[in-house]
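>>> A structural model of the following input is requested.
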Amino acid sequence: MKGLTLAVLAVSAISATARIVILDASAAFHTDKWCADHHLGEGPSTCISNSGCCYDGRIGICHSCDAHSDEWCGTYGGNDVKTCVGYAGCTFDYEVADGGACVSNSADLNIKDEVTCEEGLNAAIEAETDLPECTDDGQWEEEQMDAESGKKFCVDENGHEVPDTRMGEKAFDVSNINCAKERKKHGGMQCPNAVTLSTGNGEVMINDHEDVGNCDMTCNTDKDCKDDEWCCYNGCGYSCQVPIIPKSDCEHLSLDDSLQATDLSVTHGTQVTIGCATGYFGSDSVEIECKHGSWSEYDMTCLKDCPPYRIADGRERDYEIKGNGYHHDSKRKVGCIKGYGAVAGSPDAMRFYKETITCINGAWEERSLECSSCFDAGSEGPNGWWTDIENGSERGDSFDCLYFASRPLKCSEFKTAQENCRVSCRTCEGALMKYKVKAMLDTKADTNHPEKWLKKKLKLLVGFQNLVTDQRRVKVARRVKKAVEV
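Below you'll find the model as predicted:
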């Protein structure tokens with residue numbers, strides 16, 4: 001791998017400026033940023049485990065051994081020659097600014113941290129070195145072989161050797177090295193319940209995971225865990241955990257239409273309140289946090305509000321509607337107005353002349369009750385009727401609407417039959433004129449026939465409020481007896 005990288009550097013240096021030097025066999029293999037990002041742990045040992053990375057105790061950071069940018073040299077090289085040239089790859093240039101400045105003489109533009117396997121293969125062919133092993137889609141194989149030494153080792157997604165994995169083929173196989181896991185660890189993934197977490201650039205933080213110090217043993221190896229889990233040590237016990245990248249950003253929250261968030265930030269440590277969106281109602285709001293690349297788990301159910309309730313496929317004046325609220329599970333009690341009865345509906349609706357309609361996730365249940373002034377009363381339930389029922393007569397000793405259906409002339413003998421068996425007794429028109437509401441006005445002062453208007457109390461439903469009683473004048477039909485001819 002080193003021969004491959006050197007070949008790339010040598011080709012890149014041909015067209016470089018005068019300040020760029022061609023690096024030899026001990027040249028840098030990574031940029032300063034790459035070395036800092038992959039410095040997972042404290043002190044120099046975890047820094048220099050990556051080829052081409054060096055640790056300088058004067059500044060306490062992990063950096064490229066020999067190749068820097070002008071910005072890096074200007075930041076750490078100071079304003080004097082002695083400090084500047086103390087860093088390999090930096091030189092003091094008096095022509096850059098007044099008094100001179102510390103600049104790079106080994107621009108890190110020559111170093112390519114991200115190299116595809118196809119690019120590495122072409123460079124190896126040109127340099128006549130060992131050919132890397134690539135997958136069918138041109139990616140780096142996790143395991144690589146150094147033909148010259150006969151040793152195996154793991155590489156990351158860009159072909160960089162993973163530290164502490166190079167060993168003889170037999171030892172490599174006996175050690176059961178999992179290059180897929182080693183690749184993830186090299187990329188910064190760690191057990192979430194470790195006593196300490198490394199965040200790159202040599203920073204180590206004390207972990208506050210709830211499982212730290214738990215001495216339960218729930219696994220022995222990664223094979224005891226699911227595919228996406230590791231068997232992690234927490235300082236006392238072992239448990240299966242999904243690895244994390246400390247202090248990494250979370251993915252953008254994916255919320256359905258029923259939820260809304262107070263903040264769209266995704267950085268580590270961000271706290272967001274999740275609540276029901278406008279037009280939805282349900283669970284109380286919860287606060288979640290982005291922690292090491294993952295959002296806190298939460299469980300919320302918010303269901304859609306219903307629109308104002310309306311009588312579909314019917315006349316609203318034929319019905320009385322009670323109830324308020326539009327949230328899921330809100331209810332409306334729908335019944336026939338006075339003088340009207342049920343002509344269609346569920347058994348209970350036909351029996352009681354009313355039914356309850358429920359809001360279910362944004363839609364009202366279908367109404368089965370059909371009310372009309374032209375109906376025959378049944379013989380069961382609170383609205384049941386038969387002759388002399390008001391005087392306590394028994395059902396078997398009396399006549400109901402079914403009796404009058406085949407004997408309409410008998411209706412003239414029973415006034416209550418004309419009122420309750422309107423279809424059978426052919427009295428629908430008279431009932432409609434009696435009970436029908438023709439119009440409503442607040443005052444009858446400007447009407448042509450004020451004597452025909454009656455003052456009645458109506459209950460008007462207002463959403464999300466209690467029932468409000470208001471007085472309106474309602475025009476009803478007036479029955480006038482015809483003059484008797486002599």
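
>>> switch to C-alpha atoms for all contacts and neighbour counts from now on
Will do.

>>> would you list every one of the helices in the stretch 101-250 of the chain?
Remark: helices assigned in the stretch 101-250 of the chain by DSSP state H, counting those that start in this stretch are 117-127, 169-174, 179-186.

>>> quick check: buried residues in the last one?
Translated: helix 179-186. Buried residues in helix 179-186, defined by neighbour count with 16 or more other C-alpha atoms under 10 Å: 179, 181-186.

>>> rewinding a little: output the helices of the stretch 101-250 of the chain as TSV; include the columns mean pLDDT and distance to Tyr238.
Output for the helices of the stretch 101-250 of the chain, formatted as TSV (pLDDT from 0 to 100; distance: least, C-alpha to C-alpha, whole Å):
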stretch	mean pLDDT	distance to Tyr238
helix 117-127	88	37
helix 169-174	92	23
helix 179-186	93	17
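
>>> in a markdown table: the ones you listed, plus distance to Thr270.
Converted to a markdown table, those look like this (distance: least, C-alpha to C-alpha, whole Å):
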| stretch | distance to Thr270 |
| --- | --- |
| helix 117-127 | 37 |
| helix 169-174 | 42 |
| helix 179-186 | 25 |
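
>>> which among those is found nearest to Glu161?
Among those, the nearest to Glu161 by C-alpha to C-alpha is helix 179-186 (9.3 Å).

>>> who are the packing partners of the closest one?
Counting contacts by 3 or more C-alpha pairs under 8 Å, 6 or more residues apart in numbering; DSSP states H and E, helix 179-186 packs against strand 151-154.

>>> so what touches the strand it packs on?
With contacts defined as C-alpha atoms under 8 Å, 6 or more residues apart in numbering, strand 151-154 is touched by 142-146, 161-162, 165-169, 172, 179, 182-183.

>>> ok, now stretch 304-321?
Stretch 304-321 is contacted from outside by 258, 279-281, 326-328, 332-337, 340, 359-364, 370-372, 437, 461, 463, using C-alpha under 8 Å, 6+ apart.

>>> can you select the buried ones among those residues for me in PyMOL?
Buried residues among the contacts of stretch 304-321 (16+ other C-alpha under 10 Å), as a PyMOL selection:
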select buried, resi 258+279+280+281+326+327+328+332+334+335+336+337+340+359+360+361+362+363+364+370+371+372+461
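
>>> which one of the buried residues of helix 179-186 is nearest to Asp113?
Nearest to Asp113 out of these is His186 (C-alpha to C-alpha; 14.0 Å).

>>> what's the closest one in contact with, if anything?
With C-alpha under 8 Å, 6+ apart, His186 has these contacts: 38, 156, 162.

>>> how about TSV for these, with pLDDT and distance to Tyr76 added?
Output for these, formatted as TSV (pLDDT from 0 to 100; distance: C-alpha to C-alpha, whole Å):
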residue	pLDDT	distance to Tyr76
His38	90	20
Asp156	93	30
Val162	93	28
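
>>> most neighbours among these, please name it.
Highest neighbour count within these, by other C-alpha atoms under 10 Å: His38, with 24 neighbours.

>>> surely that one meets Ile48?
No. His38 is not in contact with Ile48 according to C-alpha atoms under 8 Å; the separation is 10.2 Å.

>>> and for the two, which residues touch both?
Listed as contacting both His38 and Ile48 by C-alpha under 8 Å, 6+ apart is no residue at all.

>>> quick one: the residue nearest to the spatial centre of the chain from Ser64, how far?
The residue lying closest to the centre of the chain (C-alpha atoms, centre = their mean) is Leu255, at 2.8 Å. Note on Leu255: its distance to Ser64, by C-alpha to C-alpha, to the nearest Å, is 43 Å.

>>> for the stretch 1-150 of the chain, what are the low-confidence residue spans?
Counting by pLDDT under 70, the stretch 1-150 of the chain has low-confidence residues at 1-28, 107-110.

>>> strands of that one, residue ranges please.
53-56, 61-64, 90-93, 101-104, 143-146 (DSSP state E, counting those that start in this stretch).

>>> mean neighbour count and distance to Glu287 added to those, as TSV?
Formatted as TSV, the strands of the stretch 1-150 of the chain follow (neighbours: other C-alpha atoms under 10 Å; distance: least, C-alpha to C-alpha, whole Å):
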stretch	mean neighbour count	distance to Glu287
strand 53-56	22	41
strand 61-64	26	37
strand 90-93	23	50
strand 101-104	26	49
strand 143-146	20	43
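
>>> can you redo these as JSON lines with distance to Lys226?
Converted to JSON lines, these look like this (distance: least, C-alpha to C-alpha, whole Å):
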{"stretch": "strand 53-56", "distance to Lys226": "35"}
{"stretch": "strand 61-64", "distance to Lys226": "35"}
{"stretch": "strand 90-93", "distance to Lys226": "49"}
{"stretch": "strand 101-104", "distance to Lys226": "49"}
{"stretch": "strand 143-146", "distance to Lys226": "22"}
